[in-house]
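> sequence first, then the predicted structure:
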Amino acid sequence: MPSFNLLAVALASALLASAASPYSRRSVAYLQQNGPAAKALNDQYASLTTSSPCSDGDIACIGGQFASCWGGSYHVYGCPSGWTCAAIPNEWSSGTTTTCDTPDDIAWRFSQAGISETKRSFSSSPPKARSTAYLQQNGPAARALNDQYASLTTSSPCNDGDIACIGGEFASCWGGSYHVNSCPSGWTCAAIPNEWSSGTTTTCDTPDDIAWRFSQAGISETK
């Protein structure tokens, strides 16, 4: 079965707080504007099962897993360990994103939007603060991964389960070869420093979010 990373990572959300020029400013106003639509989607998802009718291309969350419709049926893909699927309010622009995300980020977004989602247990405690210290701690590792990705091609050797970015696209290794999936229009693939915890995430993200994270980490990624 294909992995969530292979089929759904292009839907991963940009996680996080307010930015400064020269790139776009993150806005709590966007969270407040988009919150009701995200909550309405989560209400719809709560009643879905894998037997629910759907049209090819539909996406949803079913039982905390990411679901994609093809062949007239929903197929589910497990989120990364400790993550869950939800519709979340966008923070950079109008709209919502249905994706796997951390319970902390989901809870934080809805709390900033002024919307209670406690019945869905996205977080067992009040949302903790995002941390610039994590960005600074994780920035060098993310930069090193991006340096490695810059030399990769689809012909590069890999082990099944490896993920990477190749030419701005998300790449997953299976059958001993890299297979690429295009990011959404205007997005690109990168290793980014986590803001909620130690480590990095390789995913499709907005250039604004990528630039903001590395600027907060004190690392230049302009090359």
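Now that the structure is in, tell me what you want to look at. In this text, all values refer to a predicted model and were calculated from it rather than measured experimentally.
> show the subsequent helix or strand relative to the helix or strand of the chain with the lowest mean pLDDT.
Sorting the helices and strands of the chain by mean pLDDT, DSSP states H and E puts helix 4-8 at the bottom, at a mean of 40. Of the helices and strands lying after helix 4-8 in sequence (DSSP states H and E), the nearest is helix 28-45.
> I'd say I59 and W70 touch.
No. Using C-beta atoms under 8 Å, I59 makes no contact with W70, being 10.5 Å away. Every residue, glycine included, has its C-beta placed from N, CA and C.
> what's the local residue count around A190?
For A190, the neighbour count with other C-beta atoms under 10 Å is 26.
> if we can go back for a sec, who has more neighbours out of I59 and W70?
Higher neighbour count among I59 and W70: I59, with 19 against 13, using other C-beta under 10 Å.
> now that one, which residues is it bridged with?
Note on I59: beta-bridge partners by DSSP bridges are S68.
> ok, it to T206 distance?
Separation of I59 from T206 (C-beta to C-beta, to the nearest Å): 19 Å.
> and if you look at R26?
10 Å.
> same question, Q137
Distance, Q137 to T206, by C-beta to C-beta: 22 Å.
> isn't Y178 right up against A171?
Yes. In terms of C-beta under 8 Å, Y178 counts as a neighbour of A171; the distance is 4.4 Å.
> neighbours of T206, just the number please.
Neighbours around T206, by other C-beta under 10 Å: 21.
> give me the pLDDT for it.
The confidence metric pLDDT takes the value 80 at T206.
> contacting residues around the closest residue to P53 other than its chain neighbours?
The shortest distance from P53 to any non-neighbouring residue, by C-beta to C-beta, 6 or more residues apart in numbering, is to G72 (7.7 Å). Contact analysis of G72 by C-beta atoms under 8 Å, 6 or more residues apart in numbering lists 53-56.
> narrow those residues to those that are buried.
Buried by 16 or more other C-beta atoms under 10 Å: C54, out of these.
> which one of the contacts of G72 is nearest to I219?
Of all the contacts of G72, D56 has the smallest distance to I219: 41.3 Å, by C-beta to C-beta.
> my guess is P193 contacts L145. True?
No. Taking contacts as C-beta under 8 Å, P193 lies outside contact range of L145: 9.9 Å.
> so what sits against both of those two?
Taking C-beta under 8 Å, 6+ apart as the contact rule, P193 and L145 both touch T200.
> which one's more surrounded, Y178 and A171?
A171 (25 against 21).
> over to the more buried one: give its phi and psi.
phi -130, psi 140 (degrees, to the nearest 10).
> ok, what's across the strand from it?
Beta-bridge partners, per DSSP bridges, of A171: A164, V180.
> which residue is the nearest non-sequential neighbour of I210?
A190 (5.1 Å).
> please tell me how far the spatially closest residue to G57 that is not a sequence neighbour sits from T50.
Spatially, and ignoring its direct neighbours in sequence, G57 is nearest to C69 (6.5 Å; C-beta to C-beta, 6+ apart). Using C-beta to C-beta, one gets 10 Å for the distance from C69 to T50.
> which residues do the two both contact?
Contacts common to C69 and T50, judged by C-beta under 8 Å, 6+ apart, are H75.
> tell me the spacing between the residue nearest to G57 and H75.
8 Å.
> for stretch 39-58, which positions count as buried?
Those buried within stretch 39-58 under the rule 16+ other C-beta under 10 Å are 39, 41-42, 45, 48, 52, 54.
> and if you look at stretch 173-190?
So for stretch 173-190, counting by 16+ other C-beta under 10 Å, buried means 173, 178-181, 183, 187-190.
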